[in-house]
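Asker: no sequence for this one, just the structure:
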């Protein structure tokens, strides 16, 4: 369903970015600043967030607020929303970027892994939507909600069951809000990044696996060589969001995989089997790992 993009440029627009201290969050914030947006930045890491805000200001960007918050804590997000909205009014663009990555098999993932992923990757964006979207509706000037999901929110990537649960969940929230918010001239974009070489790559946890092992380090380096940069991903996000595109891909491989899934399911199934086989050949220790008794 198409309607005119509610936000076609960022000059003077109030833009909220979660996860702004690094990676895609930092890159979208920097590019929004270059386009004249007034930024409202948040991240759980206060020191890194302050550095990013200072760097943007030093280049002439406008940072309305830079306030640390834990998106998994509803009370903290409510406090942040009250603070930002009271001082600066409703947002024009909201970008849910903050997230974590933990992978593993059903025999190695601990219960707290599943819970933490849900708390940060799914409930985090929901908390932000709950507290920041109603003022956007009340302001009556439209806006854009941008939810950063993942390729794992579309396809069956190896060892991603817990991570995919949260990214498919965010996809469901976005799919409904895409139509619920249309009457308020608020567009929704669902970003599905493939490989992006962000700080998250360095902190990915695979349950039961030594992150310093040669096999893991070698696999990570191979991934980083094939990944796009955060700046490339951010440019794709803004191209999509400012045109009110619902599906936003940051690399052509995920666009192709999604096309295969929808229009040629047998090809998709074969590709996923090969992907799964190859991943287990590269890191056989993942399948052998077990959670603590």
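Answerer: That came in fine, so what should we check first? Since this is a predicted model, take the numbers as computed values, not measurements.

Asker: so residue 94 makes contact with residue 137?
Answerer: No: contact criterion Cβ atoms under 8 Å: residue 94 and residue 137 do not qualify, at 11.8 Å. For the C-beta atoms, the positions are set from N, CA and C on the backbone; glycine is no exception.

Asker: the two - which one has more neighbours?
Answerer: residue 94 (24 against 16; other Cβ atoms under 10 Å).

Asker: A strand includes that one, no?
Answerer: Yes: assessed with DSSP: H, G, I helix; E, B strand; the rest coil, residue 94 lies in a strand.

Asker: can you give me the strands for the stretch 151-293 of the chain?
Answerer: Counting by DSSP state E, counting those that start in this stretch, one finds strands in the stretch 151-293 of the chain at the ranges 186-192, 205-206, 247-249.

Asker: do you have the helices of the stretch 1-150 of the chain handy? List them.
Answerer: 23-34, 46-58, 74-88, 111-117, 123-139 (DSSP state H, counting those that start in this stretch).

Asker: wait, which of those is closest to residue 249?
Answerer: helix 23-34 (13.4 Å; Cβ to Cβ).

Asker: show me what the closest one is packed up against.
Answerer: For helix 23-34, the packing partners by 3 or more Cβ pairs under 8 Å, 6 or more residues apart in numbering; DSSP states H and E come out as strand 14-18, strand 38-42, helix 46-58, strand 93-96, helix 230-241.

Asker: take those and write them to CSV, including mean pLDDT and distance to residue 157.
Answerer: What follows is the helices and strands packed on helix 23-34, written out as CSV (pLDDT from 0 to 100; distance: least, Cβ to Cβ, whole Å):
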stretch, mean pLDDT, distance to residue 157
strand 14-18, 98, 23
strand 38-42, 98, 28
helix 46-58, 98, 28
strand 93-96, 98, 20
helix 230-241, 97, 17
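
Asker: quick one: low-confidence parts of this structure?
Answerer: 1-3, 199-203 (pLDDT under 70).

Asker: give me that answer again for 90
Answerer: 1-4, 194-227, 289-293 (pLDDT under 90).

Asker: need the residue closest to the centroid of it.
Answerer: residue 148 (3.0 Å; Cα atoms, centre = their mean).

Asker: so how far is residue 129 from it?
Answerer: Counting by Cβ to Cβ, to the nearest Å, the separation of residue 148 from residue 129 is 13 Å.

Asker: joint contacts of those two?
Answerer: Residues touching both residue 148 and residue 129 by Cβ atoms under 8 Å, 6 or more residues apart in numbering: residue 96.

Asker: distance check, residue 110 against residue 70.
Answerer: Separation of residue 110 from residue 70 (Cβ to Cβ) stands at 21 Å.

Asker: and if you look at residue 14?
Answerer: Using Cβ to Cβ, residue 14 is found at 22 Å from residue 70.

Asker: ok, residue 258 next?
Answerer: 32 Å.

Asker: residue 242 is in contact with residue 9, correct?
Answerer: Yes: counting by Cβ under 8 Å, residue 242 is a contact partner of residue 9 at 6.9 Å.

Asker: quick one, which of these two is more surrounded?
Answerer: residue 242 (19 against 11).
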